[in-house]
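J.: predicted structure and sequence below. I'll ask about it afterward.
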2 protein chains.
Amino acid sequence: MVTIRDVALKAKTSIATVSRVINNKPGFSEETKQKVQQAMKELDYETNEIARSLITNKTNTIGVIVPNIASMLTHDLLNGIENLSQSRKYSIIVCYTYSNHERTMEYLKTLKEKRVDGIIFTSENLTDKNIEYIKKINIPIVLLSTFSEKYKLPFVKVDDYQASYAAVEYLIGKGHKNIGMLSGDPNDKIAGEPRIKGYKDALKKHHLFSNEEHIVVGNNFSFEDGRTNLVTLLEKFPEMTAIFSASDEMAAGAIATAHEKKINIPEELSIIGYDNILVSQMVYPPLTTIEQPLYDMGYTAAEMLFQQIDEKELINKEVYLPFKIIERESVKVMDSL
Amino acid sequence: MVTIRDVALKAKTSIATVSRVINNKPGFSEETKQKVQQAMKELDYETNEIARSLITNKTNTIGVIVPNIASMLTHDLLNGIENLSQSRKYSIIVCYTYSNHERTMEYLKTLKEKRVDGIIFTSENLTDKNIEYIKKINIPIVLLSTFSEKYKLPFVKVDDYQASYAAVEYLIGKGHKNIGMLSGDPNDKIAGEPRIKGYKDALKKHHLFSNEEHIVVGNNFSFEDGRTNLVTLLEKFPEMTAIFSASDEMAAGAIATAHEKKINIPEELSIIGYDNILVSQMVYPPLTTIEQPLYDMGYTAAEMLFQQIDEKELINKEVYLPFKIIERESVKVMDSL
DNA sequence: GTGAAAGCGCTAACAC
DNA sequence: GTGTTAGCGCTTTCAC
């Protein structure tokens, strides 16, 4: 392995000077700079970041914790994080938890041991144990598409309640009165509960009937969930003319089942999704949905993390990014209008 | 920061002994072990992997280079890699190249500087410059879903030629005689050229007409490509009854366009895809496609990498994994049969 | 079974 | 402008 010492030898100078030119710190002449750079080139010298990290206490690496590689949300989020990180010369260690709290703790521990400079924690319900550990290890963190009620950790997300409310109100605006919901886990404080509340409140606001039976709960917002749960929903709520699905993947599943059952979308049944992932364009009919600005969310989270790492004051610790309704072809205007 | 020295002090022993119990290396009594572990607990001691890496020359980290976060292939591949890595106590640094060779070189350099123990290089055409650098830095590597003609680097992939041949032969077996192709870049030595060759050879073998005009080339195997290129293909080849699409995403795009144009699939036009990503179930009609065992491919690549890292002999340096035809509903049996 | 000490490759404080 | 040196937190001889 070629070290700074070899370079110094070849350039007939000291390791301190070599270090200076590498890091472009004051204290060398143009002439020695040339000699050093020449020597580095000839020897194919490359910095040992490990050695550097040991002394600087900086690794230029961040950890990104995501629940599930299979979820398509993850990618757009990661994309935003990665783009800023790369331009800031940071590397990313990805950690998939599969929503397993043990595994999450393991990863948190690894990230600490590897001395990452910061952590982005994505769309997952944090346990108190997780958060207490995070507080203890004292690594800058930002929560992405999630937040903690109990502890004040910086986060970026969209307002799930408002977005869901808007989705349902959109359906109502198109003349629908019998609106069912395909939901995630109601105990999920992020993507579960608030979206259900948004649904119920929009209904109430417009004096429409809201019934627990009209909400069918899935396991993980997945295609499979949508597939099977449409059937249940149809049985419980035969008069239904429209569905609010708490994820695009579930909506895609519902659409697949509708095709099988020869239910015409949107003529017989309207559906609005949530997320605006690529899939929403791929299904037929193309899905009307609530857009989360996933790329921007990832990018913003990374920005907030780097601000903390650079020890700048975080102006805004709680950032809500705007959602948007993307109109495609899965919602029909009711004749009565 | 609490170090091994603090632990030694508290346990009234030497740092050497603490190190021994941490690494479970011979040379300590049960009694000191207890004392040391007690001290570590009380102090919340956690290993500094950076310091350890500096001396052991091992980081327990691998780099995974992937072209595009947006491609859904990536995830299944990563999933396999991640699962084995996590159980082997390795972390993963992900690098997205966006098929940019400069960016690839930058990442390779970073990976070297961060002293990763190995690299998995995924589905991308490697430039000679890339490979020469890889050879020079002397880090174990395995190519995933790609390979190098010129240099002998271990790889795992499926046989693109055979798989494409089989796909087209499947169409022929269903009675189709006018088969078009939605292709990727023909200069792409991995997913471009061999798949085109498989298509042509299958046609020839069955004495069917093969015409360059019947192959429409896209940019990056994407949904958008499929969307726009179906139109072109239809113009050039109006008698066409079936399409072989070199990716599921392109197939999904073609299906979307077909819906717009009121072309019935599979009644008026059959289509077979390539990859068997989740999307192939989500489109309507569900897509008949060639399955690549993506998870297994990732897992196997990781296995091969760890074997190299552990300095075991790689028995098989060139592994081809089997493809499979997944029959769904996008291919019609021709009446003539 | 245990401790002292060298040193991994680097940065930074200090002296000149 | 430049070199010497201490030391980051750890593992690993080597001596006892």
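T.: Now that the structure is in, tell me what you want to look at.
J.: Provide the backbone phi and psi angles at residue A:156.
T.: Residue A:156 adopts backbone torsions of phi -130, psi 130, taken as degrees, to the nearest 10.
J.: what about it, distance to residue A:286?
T.: Using Cβ to Cβ, to the nearest Å, residue A:156 is found at 28 Å from residue A:286. Placement of C-beta: from N, CA and C, glycine included.
J.: and these two? Which one has more around it.
T.: residue A:156 (27 against 17; other Cβ atoms under 10 Å in any protein chain shown).
J.: check contacts around that one.
T.: For residue A:156, the contacting residues are A:142-145, A:297, A:300-301, A:304, A:319-321, by Cβ atoms under 8 Å, 6 or more residues apart in numbering or on different chains.
J.: how close does it sit to DNA strand C?
T.: Look at residue A:156 and DNA strand C: by Cβ to the nearest atom of the strand, to the nearest Å, they are 31 Å apart.
J.: need the pLDDT of that residue.
T.: With respect to pLDDT, residue A:156 has a value of 97.
J.: what's the answer for residue A:69, then?
T.: Per the predicted model, pLDDT is 61 at residue A:69.
J.: ok, now residue A:1?
T.: For residue A:1, the predicted pLDDT is 89.
J.: ramachandran coordinates for the residue nearest to it when sequence neighbours are not counted?
T.: Excluding its sequence neighbours, the residue lying closest to residue A:1 (Cβ to Cβ, 6 or more residues apart in numbering or on different chains) is residue A:48, at 7.8 Å. Dihedral angles phi and psi of residue A:48 (degrees, to the nearest 10) take the values phi -100, psi 100.
J.: does whichever strand or helix holds residue A:325 reach chain B?
T.: Following DSSP states H and E, the helix or strand that holds residue A:325 is strand A:324-326. No: shown here: strand A:324-326 not in contact with chain B (Cβ under 8 Å from any Cβ of the partner chain), separated by at least 15.5 Å.
J.: partners of that strand, with directions?
T.: Taking DSSP bridges as the criterion, strand A:324-326 forms sheet pairs with strand A:288-291 (antiparallel).
J.: buried ones in stretch A:33-46, by neighbour count?
T.: The neighbour-count check on stretch A:33-46 (16 or more other Cβ atoms under 10 Å in any protein chain shown) flags A:35-37, A:39-40, A:45 as buried.
J.: center of chain A, which residue is that?
T.: residue A:77 (4.3 Å; Cα atoms, centre = their mean).
J.: flag every residue of chain A that's near DNA strand D.
T.: Selection of chain A residues close to DNA strand D by Cβ under 7 Å from any atom of the strand yields A:12-17, A:20, A:26-29, A:31-32, A:51, A:54-55.
J.: what is the end-to-end distance of stretch A:261-273?
T.: Stretch A:261-273 has an end-to-end distance of 20 Å (Cα to Cα, to the nearest Å).
J.: picking up where we left off before, how much space separates the residue nearest to residue A:1 from DNA strand D?
T.: With Cβ to the nearest atom of the strand as the criterion, residue A:48 and DNA strand D are 11 Å apart.
J.: show me the contacts for that residue.
T.: A:1, A:3, B:54, B:113, B:115.
J.: tell me the SS of the third one?
T.: Spelled out, that is residue B:54. Under DSSP: H, G, I helix; E, B strand; the rest coil, residue B:54 falls in the helix class.
J.: burial of it, as a residue count?
T.: Residues within reach of residue B:54, counting by other Cβ under 10 Å, total 18.
J.: look at it and report its pLDDT.
T.: 97.
J.: Provide the secondary structure category for the closest residue to DNA strand D within the stretch 151-300 of chain A.
T.: Across the stretch 151-300 of chain A, no residue is closer to DNA strand D than residue A:153, which sits at 26.0 Å (Cβ to the nearest atom of the strand). Using three-state DSSP, the structure places residue A:153 in coil.
J.: what number of residues lie near the nearest residue to it once chain neighbours are set aside?
T.: Closest residue in space to residue A:153, ignoring its immediate chain neighbours: residue A:143 at 5.4 Å, by Cβ to Cβ, 6+ apart. Using other Cβ under 10 Å, residue A:143 is surrounded by 27 other residues.
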